[in-house]
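generate coordinates for the sequence data below:
(one chain, ligands or ions: 2)
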Amino acid sequence: MRITMLGGSSSGKTTYMAALHHVMGKRKSEDFHIRPPIGAVESLHKIGDWRALDFVERKYQFPFATSDTTEWLFDMYYADDQNEQLNESDVVTQFEWIDYRGADVTDYFDRSTREQLSAAEQEYEQRKLLDYLRESDGIIIFLDSILLSYYKDLDRRITYTNADCINTILRLLVNYHTEGDAKPVDILVLLSKADSDAIGDKYREDGFSLLKKLAREVLWEAVDICKKNERWTGGIIPVGAVGKSSTFTEISVEDTKDVYSIKTEIRPPIEPFNCECPLFYCVGQYLKRHRKQIKEAQLALRQKEEEIKQRQRRSNLLYWFLRLVFGERGLPKQLDRIEKGILDNYFALTEYGRYLDPMIKLAREAVDEL
Ligand SMILES: Nc1nc2c(ncn2[C@@H]2O[C@H](COP(=O)(O)OP(=O)(O)O)[C@@H](O)[C@H]2O)c(=O)[nH]1
Ligand SMILES: [Mg+2]
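Numbers count the residues shown, from 1 in each chain. Ligands and ions are numbered 1, 2, ... in the order given. Okay, the predicted model is just below:
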């Protein structure tokens, strides 16, 4: 399953991976674990090193700044016994979790910097990102909660959270989609750093309702797209990678009131919250989306088999001919249309349905509609 994280530099993408590693790599959540895959992998992108993310090993420093698009590869396991040994047979699904280079998200879609590029250069970079998104099973948009609550006027909130670039990307993606076959798109807005002590309590009240309201305002285009397009679904969730009582933040405003610098220190122990929810939400949406597709295909398949049986009664010769053309089990043509990888993954996931249900439910409760 491919998930792509989108957000400007410093929006909290890599730190989120560190938190995911903390809650599901070192610990487990509802008996689900994540582990880097066994064996070497080849990739066009940098492969993220999980060990370098560990909060404890890093003496509770935030992760290093990443400058490339990074792929975080991991397998999700289910193991309910106390034995920490995980077997390959316990793999529920595999993830390719993309930390898309923040500067690419902002530079190529920002009106002011866009003008410094040639049209061909800009188009090439934009297509690259749009292709990535088109091939993704879920898109997670990172909005910095500190910036969202810090700026008092809408224009600056939009600019500094990079919401304008994200809106542009989504608008282009809608157009890009209609060019080919429209695939459903699931977007999840992740309000990063929601644990920060730099955010006033009023933003947290009533399940972060004020923060969510501000996010919907700046991402108005995303909200609009989800409302108008049946195939687009959007969710929103506040996430903290370290926990409220574990952050100590200093904001210093430089001469022009716009530029500010922010330093956060982590005071262990850490208490990440809602970190596993985006992952489980994506799994839930994947199952929901493909369930419908597969049900339709199965129904068509059954009708086809029935047809063949009827014809068989009429003519054995015709039956053999059909078998030759359609294959042993009577042409899973409709199923063929769904990519094999998707089918395999869907059926593997449904095997764990009973165990996944509580987590998917939890994730859905934590996620509001956009
Ligand atoms: N309080 C708090 N600060 C965070 C959190 N995530 C990121 N930060 C801060 O934001 C900075 C940039 O985060 P990073 O993950 O490197 O952003 P990226 O460029 O999107 O990968 C970090 O160094 C932290 O200071 C979080 O969950 N809580
Ligand atoms: Mg990063």
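
quick one, helices of the stretch 201-350 of the chain?
201-218, 220-228, 276-314, 316-326, 333-337, 340-351 (DSSP state H, counting those that start in this stretch).

quick one: buried residues of the first one?
Read that as helix 201-218. Judged by neighbour count using 16 or more other Cβ atoms under 10 Å, the buried positions of helix 201-218 are 203, 204, 208, 210, 211, 212, 214, 215, 216, 218. Any C-beta I mention is one placed from the backbone N, CA and C, and that applies to glycine too.

just stretch 97-109 next, same as before
97, 98, 99, 100, 101, 102, 104, 105, 106, 107, 108, 109.

which residues pair with the residue of the stretch 251-370 of the chain found nearest ligand 2 across the strands?
Nearest residue of the stretch 251-370 of the chain to ligand 2: residue 264, at 14.8 Å (Cβ to the ion). Note on residue 264: beta-bridge partners residue 249, judged by DSSP bridges.

that one against residue 248, yeah?
Yes: shown here, residue 264 and residue 248 form a contact pair, counting by Cβ atoms under 8 Å, at 6.9 Å.

those two: which has the busier surroundings?
residue 264 (19 against 13; other Cβ atoms under 10 Å).

what helix or strand is residue 68 on?
Residue 68 belongs to no helix or strand when assigned by DSSP states H and E.

that one: neighbouring residues, count only.
13.

point out where the chain drops to low pLDDT.
40-44, 82-84, 112-115, 178-182, 254-259, 312-337 (pLDDT under 70).

could you redo the last one with a cut-off of 80?
Counting by pLDDT under 80, the chain contains low-confidence ranges at 39-45, 81-85, 111-117, 177-183, 253-260, 293-294, 296-298, 300-301, 304-305, 308-340.

in the stretch 51-200 of the chain, which residue sits closest to ligand 2?
Proximity of the stretch 51-200 of the chain to ligand 2 (Cβ to the ion) peaks at residue 66, 3.3 Å away.

now that residue: how far from ligand 1?
Computed as Cβ to the nearest ligand atom, to the nearest Å, the residue 66 to ligand 1 distance reads 5 Å.

do residue 203 as well
Residue 203 is 13 Å from ligand 1, by Cβ to the nearest ligand atom.

ok, now residue 55?
11 Å.

these two touch, right, that residue and residue 270?
Yes: counting by Cβ under 8 Å, residue 55 does reach residue 270; the two are 6.2 Å apart.

ok, the residue in the stretch 201-350 of the chain that ligand 2 sits nearest to - how many residues close by?
Residue of the stretch 201-350 of the chain nearest ligand 2, by Cβ to the ion: residue 241 (12.1 Å). The number of residues packed near residue 241 is 30, by other Cβ under 10 Å.
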